[in-house]
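Colleague: this one's sequence-less:
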DNA sequence: AGGCGGAGTTTAGAAAATCTCAAGTCAGGC
DNA sequence: GCCTGACTTGAGATTTTCTAAACTCCGCCT
């Protein structure tokens, strides 16, 4: 079916005249006339009556066009939705751990500041292709050397041991870690080795007994909160637990992991206002969190 | 907006794959891919995710396409309606008088015989342009010499005086008409003159007192039924009134008017089955009516 | 490893649809 | 009777859209 022909018919029916419809469609009256003719021929039925002084709908045409109008309105709504979404919906891709432990608890403040921006959090472990998806922004951990994207450092990742307050009583110096379960995080490139080194401990530090290990950073921190051992925590993911006392950070020795949280966006297009607004807010939240966290943890 | 692009998007979303959609649309996969790209660019938002092994809808795309599907379904229904109408609806244009006095009382028999054909009676006094309207068939009175149309004689028009039974008692021979009101029909080319001539009356026959005159043949016959005078009746329009005795036709002298009822259709296209069915039925009804009428009126 | 095949994309050229402009028709109004 | 407004028609130009073929990417199979 001739969609453009149908649109021409609909427009003429609604505008009441070929000339007005041509104006609405932004083409010449001749073009519209030809569209009409073709559509009627294809349909095998007259839609308009030629009355010498203008066009008028046939009885059949009136019913037909009523449906056309309804159909095109629906399409119009779909496109309007898309356009509204393109300007007012911000899709952010983040790792589930970051979403649940940092982003989500702070979202209500973002909504208060930017009520016009509807946020969609796409929490997935995979790395989305920013150029070929509807994701506007991603927050990712890494070394910032991803190819083909714009990556801006949000926070340099530092790590440090954390544990439940009850467990902390048994720790007065780093070497005491040898007597407590140490929780390992298999999923990241950050290992205890570097922290042992920064704390001035012997190179192959004997961790006995070996604690549990997890593939998700959240689980490691949860285990620490539950008193199952000492975990190597990341600042942002453990900030809230440290703030309300569920965790404590003994020793005060932190070590840079060499990695960081990055705000990642497509290189192909300049970031829109909504992306810039979100980035700015996010940086503020990180700064606020780090300020509070600094006084408690260091 | 790119209607064809939207259709491509909708089809891909529904079919789940570019290749299947291309098949549905009857074009190459390449064409569909380009449509998708153009539409997404125009919308400024990704609708599909490129997952290496195929396309999948983004969260936004799913909502968008749901609306598209609904819109296109509405358009599809409109077109389906049109196509059904093109095959099963028969639009007949007739004069109001003929419609009310002959056609409508007999329509139930047509519906019984052809329940699949939906009849639309367009009762208008103007002559419709069969080539440029949705009228399939017209029934018109005249001399059959209309240009550019196919006109088939349905019945040669004959005229004769009619009046209410009470009035008929005062009429034993044509000359008695001089003493009764004679009803004139201004709208037709048929005048009393020819009947007076056929009845063998003097050329300028003195009609005294002059009866009422009307511009619609129905009104003349109605006036005759009401006993207001003698009208010059047409066979088909007065047939039912003669059949049930509301009118009688004194003298039995009829005269050919030189005009006739014609079934008129467009010359441009061969009449479809529905047109032929209706024509055949109409001829039968006319024949039946004339047979009955003949026994009573002549 | 390496080759194969499915799925989607890209490119360039070809084909088709659509547009514009100009001329033509037709009816109603001054 | 001529003019004007509204639509149609026709021819050529333009734009869009399509096809075909090469290309990329990824998973799968040997």
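Modeller: On my side now, so go ahead. This one's a predicted model, so the numbers in the text were calculated from it and none came from an experiment. Numbers count the residues shown, from 1 in each chain, chains lettered A, B, ... in the order given.

Colleague: just for the stretch 151-298 of chain A, where's the confidence low?
Modeller: Applying pLDDT under 70 to the stretch 151-298 of chain A picks out residues A:186-190, A:202-210, A:293-298.

Colleague: return the residues of the stretch 51-200 of chain A in contact with chain B.
Modeller: Applying Cβ under 8 Å from any Cβ of the partner chain, one finds that the stretch 51-200 of chain A approaches chain B through A:58-61, A:63-64, A:67-68, A:70-79, A:81-83, A:85-86, A:89, A:91, A:120, A:122, A:128-129, A:132-134. Every residue, glycine included, has its C-beta placed from N, CA and C.

Colleague: just want the most central residue of chain A.
Modeller: Nearest to the geometric centre of chain A sits residue A:92, at 0.9 Å (Cα atoms, centre = their mean).

Colleague: pretty sure it contacts residue A:121?
Modeller: Yes - the criterion here is Cβ atoms under 8 Å, and residue A:92 meets it with residue A:121 at 5.7 Å.

Colleague: tell me, what's touching the two both at once?
Modeller: residue A:103 (Cβ atoms under 8 Å, 6 or more residues apart in numbering or on different chains).

Colleague: weed out the non-buried ones from the residues of the stretch 51-200 of chain A next to chain B.
Modeller: Using 16 or more other Cβ atoms under 10 Å in any protein chain shown as the burial test, these include A:58-61, A:64, A:67-68, A:71-72, A:74-75, A:78-79, A:82, A:85-86, A:89, A:91, A:120, A:122, A:128-129, A:132-134 as buried.

Colleague: before we move on, back to that, ok, and the residue nearest to the centre of chain A, which helix or strand is that part of?
Modeller: strand A:89-94 (DSSP states H and E).

Colleague: okay, now the nearest residue to residue A:237 once chain neighbours are set aside: neighbour count?
Modeller: Leaving out its chain neighbours, the residue that sits closest to residue A:237 by Cβ to Cβ, 6 or more residues apart in numbering or on different chains is residue A:101, at 4.5 Å. Residues lying near residue A:101 (other Cβ atoms under 10 Å in any protein chain shown) number 21.

Colleague: do the same with residue A:275
Modeller: Residue A:275: 19 neighbours (other Cβ under 10 Å).

Colleague: now do residue A:227
Modeller: So residue A:227, with other Cβ under 10 Å, has 12 neighbours.

Colleague: need phi/psi at it.
Modeller: phi 80, psi 20 (degrees, to the nearest 10).

Colleague: what's the answer for residue A:244, then?
Modeller: Taking degrees, to the nearest 10 as the convention, residue A:244 sits at phi -100, psi 10.

Colleague: who touches it in this structure?
Modeller: Counting by Cβ under 8 Å, 6+ apart, residue A:244 has no contacts.

Colleague: so how far is DNA strand C from it?
Modeller: 47 Å (Cβ to the nearest atom of the strand, to the nearest Å).

Colleague: quick check: buried residues in the longest strand anywhere in chain A?
Modeller: Longest strand in chain A, counting residues (DSSP state E): strand A:149-162. For strand A:149-162, burial by neighbour count (16+ other Cβ under 10 Å) applies to A:149, A:150, A:151, A:154, A:155, A:157, A:158, A:159, A:160, A:161, A:162.

Colleague: list the neighbouring strands of that strand plus their orientation.
Modeller: For strand A:149-162, the pairing partners within the sheet under DSSP bridges are strand A:230-234 (antiparallel), strand A:255-266 (antiparallel).

Colleague: tell me the secondary structure at the most far-flung residue of chain A relative to its centre.
Modeller: In chain A, residue A:52 marks the outermost C-alpha relative to the chain mean, sitting 59.4 Å out by Cα atoms, centre = their mean. Assigned by DSSP: H, G, I helix; E, B strand; the rest coil, the conformation of residue A:52 is coil.

Colleague: ok, residue A:194 next?
Modeller: Classification of residue A:194 using three-state DSSP returns helix.

Colleague: which residues does the closest residue in space to it that isn't next to it in sequence contact?
Modeller: Among residues not flanking residue A:194 along the chain, residue A:255 sits closest, at 5.4 Å (Cβ to Cβ, 6+ apart). Residue A:255 is in contact with A:158, A:159, A:160, A:194, A:195, A:197, A:198, counting by Cβ under 8 Å, 6+ apart.

Colleague: how about residues contacting the helix or strand hosting residue A:237?
Modeller: Element membership for residue A:237, per DSSP H and E: helix A:235-243. Residues from elsewhere that reach helix A:235-243, judged by Cβ under 8 Å, 6+ apart: A:97-98, A:101-102, A:105, A:155, A:157-158, A:162, A:217-218, A:221, A:225, A:247-249, A:261, A:286, A:289-290, A:292-293, A:296-297.

Colleague: same thing but 7 Å
Modeller: Applying Cβ atoms under 7 Å, 6 or more residues apart in numbering or on different chains, the external contacts of helix A:235-243 come out as A:97-98, A:101-102, A:105, A:155, A:158, A:162, A:217-218, A:221, A:225, A:247, A:249, A:261, A:289-290, A:292-293, A:296-297.

Colleague: try stretch A:211-228
Modeller: A:97, A:100-101, A:162-164, A:166-167, A:181-188, A:229-231, A:233-234, A:237-238, A:241, A:246-247.

Colleague: returning to that earlier point: and the average pLDDT for the helix or strand just after the strand holding residue A:92 is what?
Modeller: Sequence-wise, the next helix or strand downstream of strand A:89-94 (DSSP H and E) is helix A:96-98. The pLDDT scores in helix A:96-98 average 88.

Colleague: now swap in stretch A:15-29 and tell me
Modeller: 93.

Colleague: if we can go back for a sec, who is the residue nearest to residue A:194 paired with across the strands?
Modeller: Here residue A:255, judged by DSSP bridges, has bridge partners residue A:159.

Colleague: which residues in chain A form helices?
Modeller: Here chain A has its helices, by DSSP state H, at A:3-15, A:18-25, A:29-43, A:59-88, A:96-98, A:104-113, A:165-168, A:192-198, A:217-225, A:235-243, A:273-297.

Colleague: can you pull the residues of chain A lying near DNA strand C?
Modeller: A:2, A:4-5, A:25-28, A:30-31, A:34-35, A:38, A:52-53 (Cβ under 7 Å from any atom of the strand).

Colleague: of those, buried ones?
Modeller: A:2, A:4, A:5, A:25, A:35.

Colleague: settle this for me: the last one is touching residue A:4, isn't it.
Modeller: Yes - look at residue A:35 against residue A:4 with Cβ atoms under 7 Å: they come within range, at 6.4 Å.

Colleague: thinking again about what came up before, farthest pair within the buried residues of strand A:149-162?
Modeller: A:150 and A:161 (34.3 Å; Cβ to Cβ).

Colleague: please tell me how far residue A:178 sits from residue A:170.
Modeller: 11 Å (Cβ to Cβ, to the nearest Å).

Colleague: who in chain A is up against DNA strand D?
Modeller: Counting by Cβ under 7 Å from any atom of the strand, chain A sits next to DNA strand D at A:17-19, A:29-30, A:33-34, A:36-37, A:48, A:50, A:52-55.
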